[in-house]
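In: Coordinates for the following, if possible.
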Amino acid sequence: MPQKNLALQALRKLIDGEIRAGNRTGVVRTRAFSERLEEAIARYHGNAITAAEAIQALIALAKDIRAERQRGEAAGLSREEIAFYDALAENDSAVEVMGDAQLRVIAHELLGRLKSKASVDWQHRESARALMRVTVKRILKKHGYPPDLRDTAIQTVLQQAEALSAAWAAELSPNRRSQARP
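Out: So this is what the prediction gives:
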């Protein structure tokens, strides 16, 4: 294509749209992919790489995004569970200490417990947020998540739960919605 800069911009918009669509499910991976996208574009704008090299970097990023979507299926986890797994495994030492299988068990339990305790407006009410925070803390402690990494993991898990809460609220039945309101 003679206008490589136009192709680059079109590819950037497509990938940005894919990343934003993934934001609803995986906060950690969305953050990583966004950083990679911005880094490639910044290197192009800083004349560190050519348009063709930037396009190749964006194509590689798009392939990684596609592979990421298939990773959950291969591990036997749903999209929501893989998002919680990523939140727990964000710190590499937690993966070394706990192991992959144990983190999958924790992710599955977190999803089930947080989804059942989520009210429509839990992220806006401090008492409901505290209940969610305590729930996450208890699950992590129960499974022996490293204490020095626990606070960061709790914050990341709660951010992930907030990203998924819109979908959870849509799943609430009409009579449970009326119970969730103060």
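
In: can you tell me how far the nearest residue in space to residue 164 that is not next to it in sequence sits from residue 86?
Out: Nearest non-adjacent residue to residue 164, counting by CB to CB, 6 or more residues apart in numbering: residue 80, 5.9 Å away. C-beta: built from backbone N, CA, C; applies to glycine. Using CB to CB, to the nearest Å, residue 80 is found at 11 Å from residue 86.

In: Is the residue nearest to residue 164 in contact with residue 114, as I believe?
Out: No - in this structure, residue 80 is not within contact of residue 114 by CB atoms under 8 Å, at 9.6 Å.

In: Now do the helices in the protein.
Out: Counting by DSSP state H, one finds helices in the chain at the ranges 4-23, 27-45, 51-75, 79-88, 92-98, 100-117, 126-142, 147-171, 174-180.

In: Where does the prediction get shaky in the chain?
Out: For the chain, the stretches with pLDDT under 70 are 1-2, 22-25, 72-73, 169-182.

In: What's the local residue count around the closest residue to residue 33 other than its chain neighbours?
Out: Leaving out its chain neighbours, the residue that sits closest to residue 33 by CB to CB, 6+ apart is residue 19, at 4.9 Å. Residue neighbour count, defined by other CB atoms under 10 Å, stands at 21 for residue 19.

In: show me the contacts for the residue minimising distance to the centre of the chain.
Out: By CA atoms, centre = their mean, the chain has its centre lying nearest to residue 26, at 2.0 Å. Applying CB atoms under 8 Å, 6 or more residues apart in numbering to residue 26 gives the contacts 68, 79, 82, 83, 86, 160.

In: what about 7 Å?
Out: 82, 83, 86 (CB atoms under 7 Å, 6 or more residues apart in numbering).

In: if I look at the second one, how far off is residue 151?
Out: The reference is to residue 83. Separation of residue 83 from residue 151 (CB to CB) stands at 19 Å.

In: Pick out whichever of those two has more residues nearby.
Out: Set side by side, residue 83 and residue 151 show more neighbours around residue 83, with 27 against 11, by other CB under 10 Å.

In: how is this structure carved up into domains?
Out: When the chain is parsed with automatic domain parsing, its domains come out as 4-75, 79-180.

In: So residue 37 sits against residue 61, correct?
Out: Yes - counting by CB atoms under 7 Å, residue 37 does reach residue 61; the two are 6.2 Å apart.

In: any shared contact partners between the two?
Out: Listed contacts common to residue 37 and residue 61 are residue 15; contacts here mean CB under 7 Å, 6+ apart.

In: hang on, the earlier thing: save the contacts of residue 26 as a markdown table, and put in distance to residue 56 too.
Out: Output for the contacts of residue 26, formatted as a markdown table (distance: CB to CB, whole Å):
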| residue | distance to residue 56 |
| --- | --- |
| 82 | 27 |
| 83 | 29 |
| 86 | 26 |
